[in-house]
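what follows is a predicted protein model with its sequence.
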Amino acid sequence: MNAVPEPLRTYLISKSRNPVDLLNAATLLFGGSIATSPLDGLGSGDHELRGVAAHGFAVGYFVSPLDVRVASAEGRRSYFVNIGVSGAISAARGSLRATLDRSTAGVVNPGDSQELRPVPARGTRFLGLRLDAALVDQEFSALTGHPPLSPIRFDFALDLATSKGRAVRLLVRALLEQLDSGDPLFQRTDVQRSQLRALVTALLLTQPHSHTAELRDGPPPGHPRAVRAALAFIEANLTEHISLGDIARAAHCSPRTISSAFRNRLGLPPLSYVRNLRLDRIRADILASTDPIGTIAYRWGVSHLGRFASAYRDRFAELPSDTAARR
């Protein structure tokens, strides 16, 4: 990352000699998805954090000598990628250890804790990137044709010196350059989403994980005609009430047949697919719009706000109002 010596120049969150300010700022930046605590006391030194949080991700640039323990908050599913900009960090994820610098990154899975110890007198600066687990699951589904049947767990140390690793590093660099450009185009949720999808896809194809074997089997076969017809119907009518019978008629088959096809190809029933897609679109609109939550939900075909809020919390581990508070 040496080509980006001072990223996120205009996104200062905290600059202080009080390490508590850094810890509080990190919790704020990552939306409460982590809990941080010092490992060996607060110590002294200069602490700085610059960062950006947006739909599906957050990225922070840390300058600090503080040794910290970072734990995942209960109910929040996020992946973290830590990349050195200068200096080095002695890092641990459980029993796994690695030295993080410009050539080695660390990947932390949802629910994992990590310990980060900057190497003294090395002027350590590093990037911390948070990725929503839902985004990783969606890109895995795009690559394989079905969602992961169990949580994806990445290996810890990511070699950025290989050709594939350099691709991840270049995509992170591109994301930072877009944020630093000040161009309103790169503040658009859809543009950022496209960049993130490329980054997550590269991570899934580069870094070994618990489902790597499924990605080595080559591109997935196309969906059967009935499933393609059903997906097209759902996409075109997502703002309307959709029943299983409606989907079956659009696919020209029985409800039982289309349900079986969805489970085999997508790993979930048709109406669950509809619900998840609708929730994803609502979440994107909440983050990108100032409209009331109820207005957005009704616009996407929600008829019962109480059930909607419960389903939203189950999918994203937060209430719609929590999402809106980060706009």
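Cool, the structure landed.

okay, CA-based contacts and neighbour counts for the rest of this
Will do.

at which residues are the strands of the stretch 51-200 of the chain located?
Remark: strands of the stretch 51-200 of the chain, listed N- to C-terminal, are 57-63, 68-72, 78-86, 89-93, 96-100, 104-108, 113-118, 125-132, 157-159; assignment by DSSP state E, counting those that start in this stretch.

nearest to residue 287, out of those strands?
Of all the strands of the stretch 51-200 of the chain, strand 57-63 sits nearest to residue 287, with 12.0 Å by Cα to Cα.

that closest one pairs with which strands, parallel or anti?
Strands that pair with strand 57-63, judged by DSSP bridges, come out as strand 47-54 (antiparallel), strand 125-132 (antiparallel).

for the record, mean pLDDT for the last one?
Mean pLDDT, computed over strand 125-132, is 94.

next one: the first one
The pLDDT scores in strand 47-54 average 92.

pull the residues that contact that strand.
8-19, 22, 25-26, 29-30, 58-65, 189, 287 (Cα atoms under 8 Å, 6 or more residues apart in numbering).

which stretch of helix or strand covers residue 32?
With secondary structure defined by DSSP states H and E, residue 32 is part of neither a helix nor a strand.

picking that back up, out of the strands of the stretch 51-200 of the chain, which gets nearest to residue 315?
With Cα to Cα as the criterion, residue 315 lies closest to strand 125-132 of these, at 11.4 Å.

now that closest one, how far from the chain's geometric center?
Averaging C-alpha coordinates over strand 125-132 and over its chain gives two centres that are 10 Å apart (Cα atoms, centre = their mean, to the nearest Å).

re earlier: got the strands paired with strand 57-63 as TSV, with mean neighbour count and distance to residue 206 columns?
Formatted as TSV, the entries for these read as follows, by neighbours: other Cα atoms under 10 Å; distance: least, Cα to Cα, whole Å:
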stretch	mean neighbour count	distance to residue 206
strand 47-54	21	24
strand 125-132	22	16
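
any low-confidence regions in the stretch 101-250 of the chain?
For the stretch 101-250 of the chain, residues meeting the criterion pLDDT under 70 lie at 121-122, 217-222.

now do the same contact list for the closest residue to residue 36 other than its chain neighbours.
Leaving out its chain neighbours, the residue that sits closest to residue 36 by Cα to Cα, 6 or more residues apart in numbering is residue 70, at 4.6 Å. Under the criterion of Cα under 8 Å, 6+ apart, the neighbours of residue 70 are 34-37, 113-116.

pull out the buried positions in the helix or strand encompassing residue 310.
Here residue 310 is covered by helix 305-316, with elements defined by DSSP H and E. Buried residues in helix 305-316, defined by neighbour count with 16 or more other Cα atoms under 10 Å: 308-309, 311-312, 315-316.
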